[in-house]
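Novice: how does the following fold in three dimensions:
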Amino acid sequence: HALLYQGGARAIPQVLYQAASIDGAGTVRQFFHITLPQLRNTMITSMILMVVGGLTTFDTVLILTQGGPGTDTTVSAYYMYEQSFKNFDFGAGSAIALVLVVVATLISLAVVRLSGYDKMRGTAEGIS
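Specialist: Just a heads-up that it's a prediction; the model follows:
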């Protein structure tokens, strides 16, 4: 995510900061009125990637706890793996995978809808 933000920050035209400096805006005002609005698309994309990544966390649970003690750290992706490859119940594993895909899609669509990302226009200079 740091690379996403770094790329987004580097894509902000320096002309905007120069114009703000000429108008007398300080660094704090430039950050809140130029940097954050220009990074809005990047922040929403990063948020969606984090939510979907959180839903599909598997490797950490498998390596560290294997769902234990008991079932305290069992997440849905690990449960899917457990049903499919430990219990050889591929139907249940496929159903869990399908539910994960549907939930991740619905959450992503909700974030896009609530953030107004689908109605945004380009933030680059000269694009309206």
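Novice: got the domain boundaries for this structure?
Specialist: Per the record, the chain has its domains at 1-38, 40-128, by automatic domain parsing.
Novice: max-length helix in this structure?
Specialist: Identified as the longest helix of the chain according to DSSP state H is helix 90-115.
Novice: show me what counts as buried in it.
Specialist: G93, I96, A97, L100, A104, S108, V111, V112, S115 (16 or more other Cβ atoms under 10 Å). Backbone N, C-alpha and C define where each C-beta goes, glycine included.
Novice: show me what contacts the residue of the chain most remote from its centre?
Specialist: Distance from the C-alpha centroid of the chain, by Cα atoms, centre = their mean, peaks at I22 (35.5 Å). Contacts for I22 (Cβ atoms under 8 Å, 6 or more residues apart in numbering) come out as none.
Novice: quick check: phi and psi on it?
Specialist: phi -60, psi -40 (degrees, to the nearest 10).
Novice: now stretch 96-104: average pLDDT?
Specialist: For stretch 96-104, mean pLDDT rounds to 93.
Novice: I misspoke; the intended subject was stretch 1-16.
Specialist: Regarding stretch 1-16, the rounded mean pLDDT is 94.
Novice: check stretch 20-36 too.
Specialist: Regarding stretch 20-36, the rounded mean pLDDT is 94.
Novice: then it to PDB, C-alphas only?
Specialist: What follows is stretch 20-36 as a C-alpha-only set of coordinates in PDB (Å, rounded to 0.1, in the frame of the first residue of the first chain):
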ATOM      1  CA  ALA A  20      -0.700  27.400  -3.700                       C
ATOM      2  CA  SER A  21       2.700  28.700  -2.500                       C
ATOM      3  CA  ILE A  22       2.200  31.900  -4.500                       C
ATOM      4  CA  ASP A  23      -1.300  32.300  -3.000                       C
ATOM      5  CA  GLY A  24       0.300  32.000   0.500                       C
ATOM      6  CA  ALA A  25      -0.800  28.500   1.500                       C
ATOM      7  CA  GLY A  26       1.400  26.800   4.000                       C
ATOM      8  CA  THR A  27       2.400  23.200   4.100                       C
ATOM      9  CA  VAL A  28      -0.500  22.100   6.200                       C
ATOM     10  CA  ARG A  29      -3.100  23.800   4.000                       C
ATOM     11  CA  GLN A  30      -1.400  22.400   0.900                       C
ATOM     12  CA  PHE A  31      -1.600  18.900   2.400                       C
ATOM     13  CA  PHE A  32      -5.300  19.200   3.200                       C
ATOM     14  CA  HIS A  33      -6.400  21.100   0.100                       C
ATOM     15  CA  ILE A  34      -4.100  19.500  -2.500                       C
ATOM     16  CA  THR A  35      -2.500  16.300  -1.500                       C
ATOM     17  CA  LEU A  36      -5.500  14.600   0.200                       C
END
